[in-house]
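S.K.: Below are the sequence and a predicted model; questions follow.
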Amino acid sequence: MATEWHHRIVIVGGGSAGISVAARLRRAGQRDVAVLDPSRDHHYQPLWTLVGGGRAPLAESVRPQASVIPKGVRWIRAAAVAVDPEGRQVTLEDGGTVGYEHLVVCPGIQLDWDRVPGLAAGLGRNGLSSNYLPQTAPATWRFIRGTRSGSAVFGMPSGAIKCGGAPQKIAYLAADHWRQQGVLGRIDVHLVIPGAAIFGVPEFARVLDEVVRRYGINVHYGSEITEVRAEAREVVVTELATGSTKTLRYDMAHLVPPQSAPDWIKRSPLAGADDPAGYVEIDPHTMRHVRHPDIWALGDAGSSPNSKTGAAVRKQAPVVVENLLAAIDGREPTAAYHGYSSCPLTTARNKMLLAEFDYSGRPTPSIPLIDTMRERTDMWHLKRRGLPFLYWNLMLRGLA
């Protein structure tokens, strides 16, 4: 028999967004909070780039999900498959239901591997990998180490993706490794990106243009990889403006799948009618659903037009909690999220550029007395040690 639950506040998703919100709600005195998530493990995904680049072990990126669920929060180990905003009810994969008074939706983003023919089938062999899965990130480093000449291809899809800098970060880590090994001059490195510039914020793009020049990377602007021929070690690159195609051969390749909201969100009343990616339609500042005032969303599944990063979640979570508590008290929500995001861009095996910006597209540096708008070794240590510590010990506990 399917189980029926009811909680005052229900959170769909136990990733960085869901756990952060749950922890903050508990600290604010909310006693009836439930998190819906089927996962046994909790992953710190930003570390996977370093795993793929040979700079961190995979084991450091994962802990048991039970260890991060805040005390006093009910963990319902099941996936949501539908939501009824009128009936205030979430349906679970086993047919059970969870009723709510207030709903926070943060199930993360969906990796649409099948939208690139040949990509999923080829992963993990013949030099093809992706840091977007924990089981294939270690293969990226294996293929980088094994490449001593030939051609390497790194690709980024069009549309919003989580950690938009990750597709190029691994290219720089690989190129710097080959430089150190004295073989970079024997490898043609290709970076395929959909945009007209290497990065959307000019101040950071200027630094990255120099990084690209330093490594001799061939950047294919306004393009994306639309087919993988894994047995032949080839990818088809399509120019987005014209539709023209060309073929690139590779000895190793790191590719990233197109991404969208989970299919069940796309099919739900929560998605925007004009959004083919199907994200939860929210006010970009209050994070409240535009049609259902008892529903909130944050993280990668929300429609707010920020870069989908953990840093964005860290700024969104307190806004969601403050506004949700105001709504519970019958007050008008006044907290606002202004689009802050940061992208720690590893540009070498011991250097990082910390790109911080908001909805305006202007740099918004947050670390005083340090010029973070250039490559720095101390920023590398922030990426490798500081940010993981912040994540596990402060952010997931509602303290940062």
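M.R.: Looks like it arrived, so ask away.

S.K.: how about the helices of the stretch 201-350 of the chain, start to end?
M.R.: Secondary structure of the stretch 201-350 of the chain (DSSP state H, counting those that start in this stretch): helices located at 202-215, 263-266, 310-328.

S.K.: what's the most buried one of those?
M.R.: helix 310-328 (a mean of 22; mean count of other CB atoms under 10 Å). For every residue, glycine as well, the C-beta is placed using N, CA and C.

S.K.: For I367, report the pLDDT, please.
M.R.: At I367, the model reports a pLDDT of 88.

S.K.: From R376, how far off is it?
M.R.: Separation of I367 from R376 (CB to CB, to the nearest Å): 10 Å.

S.K.: If the spatially most central residue of the chain is in a bridge, with which residues?
M.R.: Most central in the chain under CA atoms, centre = their mean is K162, positioned 2.5 Å from the mean C-alpha point. Applying DSSP bridges to K162 gives these bridge partners: K308.

S.K.: Make sure it is actually in contact with W48.
M.R.: No: checked against CB atoms under 8 Å, the pair K162 and W48 is beyond contact range at 10.8 Å.

S.K.: what's the domain layout of this protein?
M.R.: 4-109+261-339, 113-258 (automatic domain parsing).

S.K.: With distance to R349 and mean pLDDT added, can I get those domains in a markdown table?
M.R.: Below are the domains of the chain laid out as a markdown table (distance: least, CB to CB, whole Å; pLDDT from 0 to 100):
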| stretch | distance to R349 | mean pLDDT |
| --- | --- | --- |
| domain 4-109+261-339 | 6 | 97 |
| domain 113-258 | 5 | 97 |
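
S.K.: so which of the helices of the stretch 201-350 of the chain comes closest to R88?
M.R.: With CB to CB as the measure, helix 310-328 is the member of the helices of the stretch 201-350 of the chain nearest R88 (13.8 Å).

S.K.: Number of residues surrounding E332?
M.R.: For E332, the count of nearby residues is 8 (other CB atoms under 10 Å).

S.K.: which residues touch the nearest residue to it once chain neighbours are set aside?
M.R.: With CB to CB, 6 or more residues apart in numbering as the criterion, E332 has its nearest non-adjacent residue at 6.8 Å, and that residue is A326. Neighbour list for A326: 332-335 [criterion: CB atoms under 8 Å, 6 or more residues apart in numbering].

S.K.: Equivalent analysis for G72, please.
M.R.: 26, 31, 33.

S.K.: Okay, buried residues for the helix or strand encompassing the first one please.
M.R.: Counting by DSSP states H and E, the element that carries R26 is helix 16-27. Neighbour counts over helix 16-27 (16 or more other CB atoms under 10 Å) mark 16-26 as buried.

S.K.: Then stretch 103-119?
M.R.: Judged by neighbour count using 16+ other CB under 10 Å, the buried positions of stretch 103-119 are 103-113, 116, 118-119.

S.K.: can you put the contacts of G72 in TSV and add distance to G87?
M.R.: Below are those laid out as TSV (distance: CB to CB, whole Å):
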residue	distance to G87
R26	27
R31	24
V33	20
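
S.K.: okay, and the common contacts of I367 and R376?
M.R.: Joint contacts of I367 and R376 (CB under 8 Å, 6+ apart) are L354.

S.K.: So which of those two has more stuff around it?
M.R.: The residue with more neighbours, out of I367 and R376, is R376; 18 against 12, by other CB under 10 Å.

S.K.: hmm, back to that, identify, from the contacts of G72, the entry nearest to G96.
M.R.: The closest of the contacts of G72, once distances to G96 are taken by CB to CB, is V33, at 17.9 Å.

S.K.: so how far is W5 from that closest one?
M.R.: Applying CB to CB to V33 and W5 gives a distance of 12 Å.

S.K.: which residues do those two both contact?
M.R.: R74.

S.K.: Looking at these two, which is more packed in?
M.R.: V33 (21 against 18).

S.K.: The more buried one contacts I76, doesn't it?
M.R.: No: under the criterion of CB under 8 Å, V33 makes no contact with I76, lying 11.1 Å away.

S.K.: circling back: between the buried residues of helix 16-27, which is closest to P318?
M.R.: R24 (6.5 Å).

S.K.: and the gap between the closest one and I11?
M.R.: On the measure of CB to CB, R24 and I11 end up 11 Å apart.

S.K.: next one: A23
M.R.: 11 Å.

S.K.: returning to what we had before: please enumerate residues in contact with the helix holding R26?
M.R.: 9, 11-12, 33, 35, 37, 42, 68-73, 104, 106, 108, 298-300, 310, 313-314, 316-318, 320-321, 324-325, 391, 395-399.
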